[in-house]
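> Generate coordinates for the sequence data below:
(one chain, ligands or ions: 1)
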Amino acid sequence: MAPTVPVDTSAIAAHRPIVISGPSGSGKSTMLKRLFDEYPDRFGFSVSHTTRSPRAGEENGREYHFVTQDEFQELVDKKGFVEHAQFGGNCYGTSIKAVEDIAAQGRVCILDIEMEGVKQVANHPTFPRPRFLFLSPPSKGVLEQRLRGRGTDKEEAIIKRLKQAEAEMDFANSPEAPHEKIIVNDDLERAYKEVKEFIVGADA
Ligand SMILES: Nc1ncnc2c1ncn2[C@@H]1O[C@H](COP(=O)(O)OP(=O)(O)OP(=O)(O)O)[C@@H](O)[C@H]1O
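Purely as a prediction, here's the structure:
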């Protein structure tokens, strides 16, 4: 067994990261965009690692930390990732160090991740426990309408997202879910107020 990588997590402990999850189309990007606009200096997204090749205009350390398969695996073995996954034949992961980098700037790191990632974060052996928020659509029907209304997905992708949404919702409502709060995104203003209250505090 590889020893776990020794990463200083003192800034993370002082600025506890927030994990936001919820089905695709539940409104995570919408909420986070508003929050970042309202509080430009308060939050940050960590820079992920990936084994995919950089695209034109992408810079190592800015869009991603671009690494080889071996480098990625080494970090996996050392428990250096808070969470990691494979998409389309490439590996992606959020390192503890990347989250610490945001916290060291005095910012709260926001982790926008899906169900499998949430489970990994909740069960990580050394990562300080973040705060978990789940954003839920009002119903499956409304979710479907919003995914279609967004106009970014093909029919096949919408069907896949709806199926995945069911699994996410079941997990969020199960006893092993780590979420401290589930917010239903029906009315945008009301839901945003709740999100803000959870993330920034009632006095904000
Ligand atoms: N409360 C709301 N009422 C009506 N429409 C909403 C509401 N919240 C979000 N939407 C719309 O629903 C669509 C999906 O929202 P959004 O893209 O923020 O979801 P997401 O959770 O970030 O999805 P993904 O995980 O795929 O990035 C968008 O078109 C957005 O404008």
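> so where's the protein shaky on pLDDT?
Along the chain, segments meeting pLDDT under 70 span 1-2, 5, 202-204.
> Which residues does the lengthiest helix in it contact?
Looking across the chain with DSSP state H, the single longest helix is helix 155-172. Contacts with helix 155-172, where a contact means CB atoms under 8 Å, 6 or more residues apart in numbering, come from 21-26, 114-115, 118, 134, 136-137, 140, 143-144, 147-148, 153, 177, 179, 182. Yep, even glycine has a C-beta here, placed from its N, CA and C like the rest.
> which residue is nearest the centroid of this structure?
residue 112 (1.9 Å; CA atoms, centre = their mean).
> I figured it hits residue 32, correct?
Yes - contact criterion CB atoms under 8 Å: residue 112 and residue 32 qualify, at 6.6 Å.
> For the two, list the residues in contact with both.
residue 20.
> quick one on the thing from earlier: out of the contacts of helix 155-172, which touch the ligand?
Restricting the contacts of helix 155-172 to those near the ligand by CB under 6 Å from any ligand atom leaves 22, 24-26.
> next one: the longest helix of the chain to chain centre, how far?
17 Å (CA atoms, centre = their mean, to the nearest Å).
> sorry, back to before: and the residue nearest to the centre of the chain, how far from residue 147?
Plainly put, residue 112 is 17 Å away from residue 147 if you go by CB to CB, to the nearest Å.
> before we move on, what about residue 34?
Counting by CB to CB, the gap from residue 34 to residue 147 is 20 Å.
> Can you give me the distance of residue 81 to residue 48?
Counting by CB to CB, the gap from residue 81 to residue 48 is 9 Å.
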